[in-house]
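Visitor: kindly generate the corresponding structure for this input.
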Amino acid sequence: MKFRKRTGTERPIFRRILVSILVPALAVGCSHTLRLGPQALPERWQKAQRRLEGRKAEVILRDGRRFRANGVEVSPEAVVWWEAGSETRHSALPGDVEAVCYRDRDRGALEGASLGLLAGAAALAVVGAASASEEGACADFVCLGGPVAGAVFGALIGGPIGMTSGLAVGAFRQSRICVRFASDGSP
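Guide: Numbers count the residues shown, from 1 in each chain. Next comes the predicted model:
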């Protein structure tokens, strides 16, 4: 087996792995769904109503039509919304509505900060452990240097960096939250 000598122009493998995991995760973003049907408990309908209260949302009907709404009310009998721009009131049976979705900037920022903290800490912990020297001052089972210290130092630096960038990305991307309606009578 032949090994190539590194010239310094190749990107390290950990960067490739990190990019191949983080880029799709950021592109997809986070999404949350609440499912409702005719058999759903009244508390679930109330929870959906509280989530949608005062929100700008998108109403997606089963026939493919989409409406931007300035307000939505849901109940087991009907889904009512006011179309953005014209303020025209529309209504449909819950079985005719596929979903009502909205975006939440605060939740997106919180999720982005959490994911960024974990990703940043993990990434720089790997970098710190890989770049630290094997020599360290060890007493019994505690080492003050070497890969362990490099990993800890990397995680302490990477966590806040990842959290800050994740916060910004999460707030920009926002978190998508949908209320989905069953068409077959299931709960």
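Visitor: switch to C-alpha atoms for all contacts and neighbour counts from now on
Guide: Noted.
Visitor: just the CA coordinates of stretch 70-89, formatted as PDB?
Guide: Taking C-alpha atoms only, stretch 70-89 is exported to PDB below (Å, rounded to 0.1, in the frame of the first residue of the first chain):
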ATOM      1  CA  ASN A  70     -52.800  36.900   9.000                       C
ATOM      2  CA  GLY A  71     -54.800  34.800  11.500                       C
ATOM      3  CA  VAL A  72     -56.000  31.200  11.900                       C
ATOM      4  CA  GLU A  73     -58.500  29.600  14.200                       C
ATOM      5  CA  VAL A  74     -58.800  25.800  14.400                       C
ATOM      6  CA  SER A  75     -61.600  23.600  15.900                       C
ATOM      7  CA  PRO A  76     -62.900  20.100  15.100                       C
ATOM      8  CA  GLU A  77     -65.700  21.700  13.000                       C
ATOM      9  CA  ALA A  78     -63.700  24.200  10.900                       C
ATOM     10  CA  VAL A  79     -60.400  25.800  10.100                       C
ATOM     11  CA  VAL A  80     -60.900  29.600   9.600                       C
ATOM     12  CA  TRP A  81     -58.300  32.000   8.300                       C
ATOM     13  CA  TRP A  82     -58.000  35.600   7.100                       C
ATOM     14  CA  GLU A  83     -56.000  35.900   3.900                       C
ATOM     15  CA  ALA A  84     -53.000  38.300   4.000                       C
ATOM     16  CA  GLY A  85     -53.400  41.400   1.900                       C
ATOM     17  CA  SER A  86     -57.100  41.200   1.300                       C
ATOM     18  CA  GLU A  87     -58.200  40.100   4.800                       C
ATOM     19  CA  THR A  88     -60.800  37.900   3.100                       C
ATOM     20  CA  ARG A  89     -62.200  35.300   5.500                       C
END
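Visitor: neighbouring contacts of it?
Guide: Stretch 70-89 is contacted by residues 37-38, 45, 48-49, 52-57, 59, 67-69, 90-94, 97 when judged by C-alpha atoms under 8 Å, 6 or more residues apart in numbering.
Visitor: give me that answer again for 6 Å
Guide: 38, 49, 54, 56, 68-69, 90-94 (C-alpha atoms under 6 Å, 6 or more residues apart in numbering).
Visitor: would you map out the domains in this structure?
Guide: Domains of the chain are assigned by automatic domain parsing as 31-104+175-181, 106-173.
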